[in-house]
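[1] pasting a predicted model and its sequence here:
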Amino acid sequence: MPNPGPPRRPLGPAVWVGVVVTTLLLATGTLGQPVAFPVSGAAGWLPADGSRQRYAGPTGTVATEWALDRAVGLVGSGPPAFSTWLGLTSLDWTTVAVARLAAVASDSTGLVTGRTDTLFSVARDGVRTEAEAPSSGPARIYLPGRLDLPEGLFAGNTWSSHGVVAVPDADATTRSAYRADYTAAPPDDPAPGCVVVTMRLRVDGQPDAITRRTWCRGAGLRDYSDATGAWQATTAGPPVTAPPEARFDWGSADRLAFTPRAVNQTGIGIAQVSPVAAPGLLPEGGVVFAGSVVGDTLALDTTSDPPPVAWRARAGGHNTTAATLGGLTVVATSSRELVGYGPSGQWLWQQRLGDLAVVAPTRLDDLLVVATLDGAITAFDLATGEPRWRRTTPAEVRVAPVVAAGRVLVVDQSGRLTCLDATGAEQWTADVGRIEHFGVSAGGAPVVVLPSSDGPHVQGLALADGSRAWRVRESVTTHDLVVLDTAVLLRDDDETVALDPATGAQRWNWRGDRTYAGIGGGDRALLLASDRLVLLDGNGRRVHEWPVAIGDVTSTTPYLAADGGRVLVYGPKGLALGVPR
């Protein structure tokens, strides 16, 4: 089959910067709209967005994941070779449909040994490999794209593709000629709708590479072979364990030093994250964002500024909520899928949900507790995704469940509070009215603290049996509930009130700044004001503050998070990571 015309002249550096900046603006301004993605012709060989498959081979397993989008939706997530491709391709990258195949290799112990991200252009007349970016070794950009799947593919036809290869890691202006020759044949087991494509690839100065791929219409790759050997689809993955929770030591909060990092700004290499839920902290230092605009989940390497994307994943559809727990990240989607990823972005498992999950999952020992809009509370094994138990509440669940003392507490939209034990058995229920935020006290006999959203009162129920411990009048509108060792804080925008968890009596209040988020533990509370972080002690005294420049926190939802040895503050134009000195 013929190739399109020769590649256009490479863009100069200044023009390429403009290309990238424009791409980022397009990504934030137009994504989330329906994608006019080809569904016939050569595109019919690809699986759906978010499709995943694991393969077993001679060195372990490879977990793959497909993302289908417009170029502006995928290129900004990286790797860097994809952005370089923008400045070199002759395609109209503002409208072209593309696919990304992420392949993460693990050995038999589950240790990640490498990753390759491949970018394809997708049109009715063919699917072309545009860029290959391995985690080790040089990336390749094919100009024009390598025609791996032509229109009208059938067993028995042959074709070729040729052009030049750019190697951006060495010198993007250097070119080597390439030629790929293909044959298509039926598989050994004549499976309907499948064809085996053998490719012999020649690149000047390098040995020929031969690969065989079995493509099945609408399902993608069934199996393949390359220089490492043969790889067959499998449902078995490497062993996975759920690491223990690493809690932040709030006794060290006075010694925090914050380092800023740029996100959500225009410029080369600046990630666009816009999270749908609180960012997650990885044990090795990364920060995970499940995007609300672009469908990708991104892990950023925060050791440099701007932080590059360490890995990217596409759960499928739009992300609805996410959480990172002990280094494992779980993402729920508009497709009613729940997908688990390891700390290196490797796909671990997926489960179908009965309805949408719109509040973040939480952890109970080695269980992942997920609430959905059909009122279901489901516990999954955090490491394997296997369901352990499921219970149903009377109405939708739009408030994140709270885990305390081996129990799960759920408030549904009918105003019913349900207490479950670690096996999912119901311990007690109580009618508590409309609740948007609640928590469980840390010291003494645990008390469930429930600020009402329908009136100026707060009640406390004994965690043991649900009996009322107290009910007091408080006029604050609670936006965050922060549990300290000796008090429970109700954060309103203009006031933070500390209650005695045993009696409900007000111990102190603080009105130093208008605040937009709050977290804490031990005898320290951290509040986010418009341009600073304020640290309070257990008696409501300001003990420290730090300036932060993360954008206008009044214009979008900011987040505070703490895990292990770090505190994260996120805003619309940046983030800051705090580490005790």
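    All right, it came through fine. Bear in mind that the values here come from a model prediction, so they are computed numbers and not experimental data. Residues are numbered from 1 along each chain as shown.
[2] in terms of secondary structure, what does whichever helix or strand T118 is part of contact?
    Using DSSP states H and E, T118 falls within strand 112-123. Using 3 or more C-beta pairs under 8 Å, 6 or more residues apart in numbering; DSSP states H and E, the elements in contact with strand 112-123 are helix 80-88, strand 97-106, strand 126-134, strand 140-150. C-beta here means a position set from N, CA and C on the backbone, and glycine is covered the same way.
[3] what's the least confident stretch among these?
    Sorting the helices and strands packed on strand 112-123 by mean pLDDT places helix 80-88 lowest, at a mean of 92.
[4] buried residues, that helix. List them.
    A81, F82, S83, T84, W85, L86, G87, L88 (16 or more other C-beta atoms under 10 Å).
[5] tell me which of the residues you listed is nearest to V330?
    Among the buried residues of helix 80-88, F82 lies closest to V330 (C-beta to C-beta), at 26.0 Å.
[6] contact partners for that closest one?
    L74, V75, D117, L119, A131, A133 (C-beta atoms under 8 Å, 6 or more residues apart in numbering).
[7] repeat that for V112.
    Counting by C-beta under 8 Å, 6+ apart, V112 makes contact with V104, A105, S106, G342, S344, Q346.
[8] nearest residue to the first one other than its sequence neighbours?
    By the measure of C-beta to C-beta, 6 or more residues apart in numbering, the closest residue to V104 outside its immediate chain neighbours is Q346, 4.2 Å from it.
[9] what's stretch 398-411 in contact with?
    By C-beta under 8 Å, 6+ apart, stretch 398-411 touches 358-360, 362-365, 369, 371, 373, 377, 379, 393, 397, 413, 417-422, 424, 427, 432, 435-440, 446, 448, 450, 463.
[10] show me which of those residues are buried.
    358-360, 362-364, 369, 371, 373, 377, 379, 393, 397, 413, 417-420, 422, 424, 432, 435, 437-440, 446, 448, 450, 463.
[11] which of these fall in helices?
    Among the buried ones among the contacts of stretch 398-411, DSSP state H puts none in helices.
[12] strands - which of those residues land there?
    Among those, the members found in strands (DSSP state E) are 362-364, 369, 371, 377, 379, 417-420, 439-440, 448, 450.
[13] could you work out the most separated pair of these?
    Maximum distance among these (C-beta to C-beta): 23.0 Å, for A379 and L450.
[14] one step back: let me have the helices and strands packed on strand 112-123 in JSON lines, extended by distance to P207.
    Below are the helices and strands packed on strand 112-123 laid out as JSON lines (distance: least, C-beta to C-beta, whole Å):
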{"stretch": "helix 80-88", "distance to P207": "22"}
{"stretch": "strand 97-106", "distance to P207": "21"}
{"stretch": "strand 126-134", "distance to P207": "16"}
{"stretch": "strand 140-150", "distance to P207": "15"}
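[15] can you list the domains in the chain?
    Domain segmentation of the chain under automatic domain parsing yields 13-234, 250-580.
[16] lowest-confidence stretch among the ones you listed?
    Among these, domain 13-234 scores lowest, at a mean of 88.
[17] run the chain-centre distance for that one.
    22 Å (C-alpha atoms, centre = their mean, to the nearest Å).
[18] could the contacts of V112 be laid out in a markdown table, adding distance to T554 and neighbour count?
    Formatted as a markdown table, those follow (distance: C-beta to C-beta, whole Å; neighbours: other C-beta atoms under 10 Å):
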| residue | distance to T554 | neighbour count |
| --- | --- | --- |
| V104 | 39 | 25 |
| A105 | 45 | 23 |
| S106 | 44 | 23 |
| G342 | 36 | 22 |
| S344 | 36 | 20 |
| Q346 | 38 | 26 |
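[19] what strands line up against the longest strand anywhere in the chain, and which way round?
    For the chain, the longest strand by residue count, based on DSSP E, is strand 171-185. Using DSSP bridges, the strands paired with strand 171-185 are strand 158-167 (antiparallel), strand 194-203 (antiparallel).
[20] quick one, it and strand 140-150 angle?
    20 degrees (axes from the mean of the first three to the mean of the last three C-alpha atoms, to 10 degrees).
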